[in-house]
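[1] Coordinates only, no sequence provided:
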Ligand code: FVH
């Protein structure tokens with residue numbers, strides 16, 4: 001295996017390959033990063049070209065998409081499978097796929113659903129899309145990083161899934177951060193509030209997502225779930241008002257209130273949360 005990029009994530013990827021017994025060559029722009037890999041038997045290449053020449057499977061994990069192209073530019077990628085695990089947009093992934101394929105490589109784009117400490121563990125999974133034959137050939141090797149999930153031949157799809165899940169995560173963190181700021185405004189200790197109430201509440205609310213998804217796929221199920229949008233929109237103003245009165249910036253809450261208001265104004269006051277999903281679409 002070759003791993004380009006020894007940031008926190010690239011280092012975790014290299015460590016997982018080494019732990020699984022794969023001879024692993026690494027390159028990093030700044031030499032000497034992650035010295036702990038040396039005692040695990042890693043081979044250090046002095047140039048990206050040397051690292052790419054070392055193995056057929058080349059995993060790239062750099063900070064941003066632009067640097068993938070500049071790092072690989074001019075290198076001979078003939079016969080290589082490039083697995084790009086750098087965070088990217090679907091459009092960036094499609095462009096990089098086109099470019100890498102023209103340079104002679106098979107290309108897989110990936111979206112890592114794990115933090116570095118999770119790599120190689122049971123909760124880590126990684127989206128892949130692009131060259132399906134390359135995925136089939138390498139999925140067993142890639143599975144040492146996290147459960148591989150191939151989501152389609154369009155190289156942009158892994159980035160789409162990745163960004164969708166990151167969006168959900170940031171929405172959840174934003175809500176939790178706001179809740180903690182409210183608690184702190186009355187000196188409620190964060191640990192007790194979080195463990196006793198915040199986590200159980202969010203966990204219970206997660207249970208409503210499959211029904212929302214079912215409504216989106218099949219149309220709303222007969223019989224409201226008991227929390228229609230007109231009711232939710234009427235109560236939402238209190239979240240903004242209470243936050244402001246407590247000295248907590250309501251900025252993270254305001255867009256959801258606006259979405260509920262728009263959805264009700266469009267005639268979906270009796271509907272459940274799935275109706276608001278469609279209001280987010282700005283293009284078909
Ligand atoms: N860490 C995480 O929690 C997340 C989990 C999900 C996936 N992301 C994405 O993974 C990519 C790498 O993230 P990272 O955590 O490894 O990031 P850093 O520790 O900051 O390391 C960045 C590496 O990128 C190299 N690099 C930066 N600029 C260039 C450049 N112009 N040319 C070549 N390499 C470059 C940097 O090298 P150096 O600064 O040591 O020389 C590091 O190796 C990222 O897309 C996340 O969104 C991580």
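    Arrived safely. These figures come from a predicted structure and were not determined experimentally. Numbers count the residues shown, from 1 in each chain.
[2] The helix or strand encompassing residue 59 pairs with which strands, and in what direction?
    Assessed by DSSP states H and E, residue 59 sits inside strand 57-60. Sheet pairing of strand 57-60 (DSSP bridges) gives strand 2-4 (parallel), strand 81-84 (parallel).
[3] Turn those into a markdown table, columns for mean neighbour count.
    The way it works is simple: take the backbone N, C-alpha and C, and place the C-beta from them, glycine included. Listed next are the strands paired with strand 57-60 as a markdown table, based on neighbours: other C-beta atoms under 10 Å:
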| stretch | mean neighbour count |
| --- | --- |
| strand 2-4 | 28 |
| strand 81-84 | 28 |
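[4] Which of the ones you listed sits closest to the ligand?
    Counting by C-beta to the nearest ligand atom, the ligand lies closest to strand 2-4 out of the strands paired with strand 57-60; the figure is 7.8 Å.
[5] low-confidence ranges in the protein?
    Where the chain drops to pLDDT under 70, the residues are 223-225, 284.
[6] which strand in this protein runs the most residues?
    strand 106-113 (DSSP state E).
[7] quick one on the thing from earlier: could I get the strands paired with strand 57-60 as a markdown table with distance to residue 52?
    A markdown table is the format used below for those (distance: least, C-beta to C-beta, whole Å):
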| stretch | distance to residue 52 |
| --- | --- |
| strand 2-4 | 6 |
| strand 81-84 | 9 |
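[8] how about the ones you listed in TSV, adding distance to the ligand?
    Shown next, in TSV, are those (distance: least, C-beta to the nearest ligand atom, whole Å):
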stretch	distance to the ligand
strand 2-4	8
strand 81-84	9
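[9] re earlier: tell me how far the strand holding residue 59 lies from the chain's centre.
    Centroid separation for strand 57-60 versus its chain: 19 Å, with C-alpha atoms, centre = their mean, to the nearest Å.
[10] does any bit of that strand sit next to the ligand?
    No: Strand 57-60 does not reach the ligand (C-beta under 6 Å from any ligand atom); its nearest approach is 9.3 Å.
[11] And that strand, what's buried?
    57-60 (16 or more other C-beta atoms under 10 Å).
[12] what residues does the stretch 151-284 of the chain put near the ligand?
    Close to the ligand, as judged by C-beta under 6 Å from any ligand atom, the stretch 151-284 of the chain has no residues.
[13] in the stretch 151-284 of the chain, which spans are helices?
    Assigned by DSSP state H, counting those that start in this stretch, the helices in the stretch 151-284 of the chain fall at 157-185, 190-193, 199-206, 209-218, 229-245, 254-263, 274-279.
[14] outside of the strand holding residue 59, which residues touch it?
    1-5, 10, 13, 51-52, 68, 71-72, 77, 80-86, 105, 138, 141 (C-beta atoms under 8 Å, 6 or more residues apart in numbering).
[15] mind checking how far the closest residue to the ligand within the stretch 51-200 of the chain is from residue 5?
    Of all residues in the stretch 51-200 of the chain, residue 87 sits closest to the ligand, at 3.3 Å by C-beta to the nearest ligand atom. Using C-beta to C-beta, to the nearest Å, one obtains 12 Å as the distance from residue 87 to residue 5.
[16] and the two? which has more neighbours close in?
    Remark: of residue 87 and residue 5, residue 5 carries more neighbours, 26 against 20, as counted by other C-beta atoms under 10 Å.
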